[in-house]
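J.: Here is a sequence together with a model predicted from it:
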Amino acid sequence: MAAIMPQNELPGCANEICIFTLGKFYIRQNDSIISAGSSRSKRMWEIFKYLITHQGKSFFPENILESIWPDNDYADPSLVLRAQIYRLRQVLKVEATDLSLASNVVFSQGCYSWEEKVSYWLDVDEFESLSAQAEKLKTEEPEEAEAVYRRAIALYRGEYLPESSFSEWIEPMRSYYHDIFLNSVFSLADIYKKKRAYSDIIKLCEHAASIDYF
């Protein structure tokens, strides 16, 4: 059996800009990690995570702040968020390149949103797409489905945005991706069972348990 986890640090990412959210959050552009930061930048990155989780949707500043920090009361939410968005855009601008994720942070009619002005690769988008593709193939093309399931499972390196484990707004999406992971594991195990590939089932389950013990 091919290894579930590829040796390549960036499985499936051929884009110049790669965003990882499963198991560990980081952004890589070419050879640079642009999401590394101190505790002072935590608030800025929480806003980024919120926008990319809800990509394509628009939010008023007060709605964003209330969702991320529900216990805080801001006299001027627009001013607070504007300052953090400014810092975020500055960090997302990478020198010596025309590609900038800062362009994807859009402000329109009093609302902020994440729009794909500059292309990027996002692990959860790839993970969801591969899982859906394998699901369609598993009945008629089990051999092909097997390979696609392995690629999907390799992308799931842990829970969604684990650094934000106490943020309630993340929980629905975290559960959603976790359910996709479990369904992919069970479906792949079923393919192996029909092939009587029992050693592959053991390896698959060992890998799944290393990600999610329960």
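T.: Sure thing, it's come through. Numbering: from 1, shown residues only.
J.: Please make it C-alpha for all contacts and neighbour counts, starting now.
T.: Will do.
J.: Out of the helices and strands in the chain, which is least certain?
T.: When each helix and strand of the chain is scored by mean pLDDT, DSSP states H and E, strand 32-33 comes last, with a mean of 82.
J.: If we go by neighbour counts, what in the helix or strand following that strand is buried?
T.: Once the chain leaves strand 32-33, the next helix or strand it forms, by DSSP states H and E, is helix 42-53. Neighbour counts over helix 42-53 (16 or more other CA atoms under 10 Å) mark M44, W45, E46, I47, F48, K49, Y50, L51, I52, T53 as buried.
J.: helices or strands up against the helix or strand following helix 42-53?
T.: Moving toward the C-terminus from helix 42-53, the next helix or strand (DSSP H and E) is helix 61-68. Packing partners of helix 61-68 (3 or more CA pairs under 8 Å, 6 or more residues apart in numbering; DSSP states H and E): helix 42-53, helix 77-92.
J.: ok now the last one, how far from the chain's centre?
T.: What that stands for is helix 77-92. Once both centres are worked out by CA atoms, centre = their mean, to the nearest Å, helix 77-92 turns out to sit 22 Å from its chain's centre.
J.: Each with direction, which strands does the next helix or strand after that helix pair with?
T.: Sequence-wise, the next helix or strand downstream of helix 77-92 (DSSP H and E) is strand 105-108. For strand 105-108, sheet partners with direction are given as strand 111-114 (antiparallel), following DSSP bridges.
J.: quick check, nearest of the buried residues of helix 42-53 to E141?
T.: Closest approach to E141 among the buried residues of helix 42-53 (CA to CA): T53, at 32.2 Å.
J.: where are the low-confidence patches of the chain?
T.: For the chain, residues meeting the criterion pLDDT under 70 lie at 1-12, 14, 36-40, 94-99.
J.: Tell me what angle the lengthiest helix in it forms with helix 42-53.
T.: Using DSSP state H to define each element, the chain has its longest helix at helix 171-194. Helix 171-194 runs at 60 degrees relative to helix 42-53, counting by axes from the mean of the first three to the mean of the last three CA atoms, to 10 degrees.
J.: What is helix 171-194 packed up against?
T.: Using 3+ CA pairs under 8 Å, 6+ apart, helix 171-194 is in contact with helix 123-137, helix 142-155, helix 198-211.
J.: quick one: Y50 from Q109, how far?
T.: Per CA to CA, to the nearest Å, Y50 is found 19 Å from Q109.
J.: before we move on, what about L22?
T.: L22 is 32 Å from Q109, by CA to CA.
J.: beta partners for the nearest residue to K57 once chain neighbours are set aside?
T.: Spatial nearest neighbour of K57, excluding adjacent residues (CA to CA, 6 or more residues apart in numbering): S113 at 5.7 Å. Beta-bridge pairing for S113 (DSSP bridges): V106.
J.: Give me the buried stretch members for the longest helix of the chain, please.
T.: Counting neighbours by 16+ other CA under 10 Å, helix 171-194 gives 174, 177-178, 180-181, 184-192 as buried.
J.: That helix versus helix 198-211: what angle between them?
T.: 160 degrees.
J.: Extract the C-alpha set from helix 171-194 and format it as PDB.
T.: C-alpha atoms of helix 171-194 as PDB (Å, rounded to 0.1, in the frame of the first residue of the first chain):
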ATOM      1  CA  GLU A 171     -16.800  24.500  15.900                       C
ATOM      2  CA  PRO A 172     -19.300  24.000  13.100                       C
ATOM      3  CA  MET A 173     -16.700  23.900  10.400                       C
ATOM      4  CA  ARG A 174     -14.300  21.900  12.600                       C
ATOM      5  CA  SER A 175     -17.000  19.200  13.000                       C
ATOM      6  CA  TYR A 176     -17.800  19.300   9.300                       C
ATOM      7  CA  TYR A 177     -14.200  18.600   8.200                       C
ATOM      8  CA  HIS A 178     -13.800  16.000  10.900                       C
ATOM      9  CA  ASP A 179     -16.900  14.100   9.700                       C
ATOM     10  CA  ILE A 180     -15.600  14.200   6.100                       C
ATOM     11  CA  PHE A 181     -12.300  12.700   7.400                       C
ATOM     12  CA  LEU A 182     -14.000   9.900   9.300                       C
ATOM     13  CA  ASN A 183     -16.300   9.100   6.300                       C
ATOM     14  CA  SER A 184     -13.300   8.900   4.000                       C
ATOM     15  CA  VAL A 185     -11.500   6.600   6.400                       C
ATOM     16  CA  PHE A 186     -14.500   4.300   6.700                       C
ATOM     17  CA  SER A 187     -15.100   4.300   2.900                       C
ATOM     18  CA  LEU A 188     -11.500   3.500   2.100                       C
ATOM     19  CA  ALA A 189     -11.500   0.700   4.800                       C
ATOM     20  CA  ASP A 190     -14.600  -0.700   3.100                       C
ATOM     21  CA  ILE A 191     -12.800  -0.800  -0.300                       C
ATOM     22  CA  TYR A 192      -9.900  -2.600   1.300                       C
ATOM     23  CA  LYS A 193     -12.300  -5.000   3.000                       C
ATOM     24  CA  LYS A 194     -13.800  -6.000  -0.300                       C
END
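J.: Many thanks, we can stop here.
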